[in-house]
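Novice: Let's see this in three dimensions:
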Amino acid sequence: MTADTIGGVWTYACELAKALEPFGVVVHLACMGQPLSEDQSQYAAKTANLRIHASSYKLEWMADPWEDVAEAGKWLNELEARLQPDIIHLNNYAHGSLEWNAPAVMVAHSCVFTWWRAVKSEDPPAEWHVYYDKVREGLRNADMVVGVSRVFLDDVAALYGPLRQTRMIHNGLDPQDYHIRKKQDMVFGMGRVWDEGKNLSALASMHGRVGWPIRIAGSTRLEEAEDGQNAAGVFMGRLDREKIREVLSETPIYVLPAKYEPFGLSALEAAFSGCALVLGDIPTLREIWGDAAIYFPPGDAERLEFHLKSLIGTPELLAHRQKLAVEKAQQYSADRMSASYIYAYQELIA
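Specialist: Numbering: from 1, shown residues only. Here you go, the predicted structure:
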């Protein structure tokens, strides 16, 4: 299985590996993007059936990646020759075009073209055409393409297809990893602050406007944030997994103001932690959460402010929304996710 160490794919890969253990599956995780952090290494070490193969090869969405992508391909083929796996599980696109001996499942988590269209309402500039060609070739050569939401899978198939075989499998988490404690007065969000698709600047703009402190965790270029937000501790920086779970357990309201989010794993973490969800009104998040979340147009700060003030000022409404989120989250367990992948693997092996 491939994974990048930078975004949510790392969490997804580790959660899936752990959930596959009862099926007797050993997962060899080929990591790319950047070296594992101490937190990531410690988490991986706790998963008995997970074997880490580390590298720092550039990912296909990074600047000038193609020499690294080619070298990573050689490395991956060497790993397959040595390990003789039953299934190749790719969480990136370009390496779908390699000659694999085992069947290859490719999971579509996100892509530059769908991101660009959602965030900037246009296609990427010409320098991204090579990326498009590499992604299309990888997707078309995969034996099965899995989408993490139906909406996103349809978008990928329309953009890059035809695809050989497709399957929709929602992401999942282990609810036992999350806890609900006494809630504190705050509104929380997390993600890559520099990613326009996460749109966390919309949440940061609520600082001083809704009566409760705003807190945002994730990698950020602090010099781009307003001095007042920094002084008030709006941006918490990057937190390790245990700290994130601790903060979520005490958070009453979680905001994901995304313009682009093929699944939104952080919202699931928040729901398992008893948070009311306030989400950007985009089709993928509507698919996942239905009536269990409150939605607002990602560019409408006044609507976001209204919803936050309504929740903060109405304890009964807040409690009801928290209950709805917790109940909906039960549909997205790691056990359900892993069972779906086992079925897909068996179908390809047969």
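
Novice: drop to CA atoms for contacts and neighbour counts, all remaining ones
Specialist: Fine.

Novice: I'd like to know how many residues surround Q34.
Specialist: 15 (other C-alpha atoms under 10 Å).

Novice: what secondary structure does it sit in?
Specialist: Three-state assignment for Q34 (DSSP: H, G, I helix; E, B strand; the rest coil): coil.

Novice: list the contacts for it?
Specialist: 4-6, 55-58 (C-alpha atoms under 8 Å, 6 or more residues apart in numbering).

Novice: Over to it: give its phi and psi.
Specialist: Per-residue torsions, Q34: phi -160, psi 160 (degrees, to the nearest 10).

Novice: how much space between it and L279?
Specialist: Counting by C-alpha to C-alpha, to the nearest Å, the separation of Q34 from L279 is 30 Å.

Novice: Buried only: go through the contacts of Q34 for me.
Specialist: 4-6, 55, 57-58 (16 or more other C-alpha atoms under 10 Å).

Novice: List the ones among the contacts of Q34 that fall in strands.
Specialist: Within those, residues falling in strands by DSSP state E are D4.

Novice: Among the contacts of Q34, show me the least confident.
Specialist: Lowest pLDDT of these: I6, 87.

Novice: From A301, how far off is that one?
Specialist: Distance from I6 to A301, counting by C-alpha to C-alpha: 29 Å.

Novice: hmm, back to that, with the buried ones among the contacts of Q34 in mind, which one is nearest to R140?
Specialist: Nearest to R140 among the buried ones among the contacts of Q34 is D4, at 21.1 Å by C-alpha to C-alpha.

Novice: Kindly state the beta-bridge partners for the closest one.
Specialist: When assigned by DSSP bridges, D4 has beta-bridge partners M32.

Novice: quick revisit: and the buried ones among the contacts of Q34 as TSV, adding distance to A94?
Specialist: Formatted as TSV, those follow (distance: C-alpha to C-alpha, whole Å):
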residue	distance to A94
D4	13
T5	17
I6	17
S55	16
Y57	13
K58	12
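
Novice: Based on its surroundings, how many neighbours for E302?
Specialist: Counted with other C-alpha under 10 Å, the neighbours of E302 add up to 12.

Novice: ok, now E21?
Specialist: Per other C-alpha under 10 Å, the neighbour tally for E21 reads 16.

Novice: Kindly indicate which of the contacts of Q34 lies nearest L256.
Specialist: Using C-alpha to C-alpha, I6 comes nearest to L256 of those, at 18.7 Å.

Novice: May I ask you to confirm that that closest one is in contact with G33?
Specialist: Yes. Taking C-alpha atoms under 8 Å as the definition, I6 is a contact partner of G33 at 6.6 Å.

Novice: Tell me how this structure divides into domains.
Specialist: Annotated domains of the chain cover 2-172+333-349, 175-329 [automatic domain parsing].

Novice: Quickly, which of these bottoms out on average pLDDT?
Specialist: For these, mean pLDDT drops lowest on domain 175-329, to a mean of 92.

Novice: and that domain, how far apart are its ends?
Specialist: 8 Å.

Novice: That domain: how far from the chain's middle?
Specialist: Domain 175-329 sits 15 Å away from the centroid of its parent chain (C-alpha atoms, centre = their mean, to the nearest Å).
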